[in-house]
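J.: what's the 3D shape of this:
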Amino acid sequence: MALTDPNLQSNAVALLFMLHSSGCSPGFDADVQTFQQSYVAAGGVLPASTSAANGVDGLYGANTQAALQAVIDANPNNTDLSGETAPGGCVPPAGGGGGGNIVPPAAPTTTFPWTPVLVGAGVLAVLAVGVSMARKPRRRSR
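T.: Modelled structure (predicted):
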């Protein structure tokens, strides 16, 4: 893989400039796509995504961040890249440039299998106590 390709370096510089000046966009970006295309043309591999078999999807996520960092690290003599760090990706994992082939963890659940039973028993207990503690008419003795 030719991470030192001049076209790839130029597109990496353009992408870094865009990310530093405009920030990361969670949607499609032409600068990201151009960098991804030059990265793949230079022999780089981005995992396939739902929108692109070669991973060129225009999304700046974990995979594109890693690719950009690899280009930065491979070109220490490029004054525009030297000492730079690829900003964090801002697209959730989805394959392609957006992220890895990672399934995000499921949201934690706070419900336990016995919760309905406990809640149901608690409601019944409260009702039973409420009924037993209800005021009953008192008999007056004379």
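J.: what residue ranges in the protein are flagged as low confidence?
T.: 49-51, 93-138, 141-142 (pLDDT under 70).
J.: in it, which spans are helices?
T.: For the chain, the helices defined by DSSP state H occupy 6-22, 30-41, 62-74, 115-132.
J.: Now for residue 44: which residues touch it?
T.: Contacts here follow Cβ atoms under 8 Å, 6 or more residues apart in numbering; on that basis residue 44 touches 1, 3, 67, 70. No exception for glycine: its C-beta is placed from N, CA and C like everyone else's.
J.: Try it again at 7 Å.
T.: 1, 67 (Cβ atoms under 7 Å, 6 or more residues apart in numbering).
J.: start at 310 instead
T.: Sure, I'll start numbering at 310, so the last one becomes residue 353.
J.: That one and residue 449, how far apart?
T.: For residue 353, the distance to residue 449 (Cβ to Cβ, to the nearest Å) stands at 95 Å.
J.: With residue 330 instead?
T.: Per Cβ to Cβ, residue 330 is found 88 Å from residue 449.
J.: And for residue 399?
T.: Residue 399 sits 78 Å away from residue 449, going by Cβ to Cβ.
J.: neighbour count winner among these two?
T.: residue 399 (17 against 5; other Cβ atoms under 10 Å).
J.: Correct me if wrong: that one contacts residue 332.
T.: No: when contacts are counted by Cβ atoms under 7 Å, residue 399 is not listed as touching residue 332 (8.1 Å).
J.: list the residues that contact both of these two?
T.: In contact with both residue 399 and residue 332: no residue, using Cβ under 7 Å, 6+ apart.
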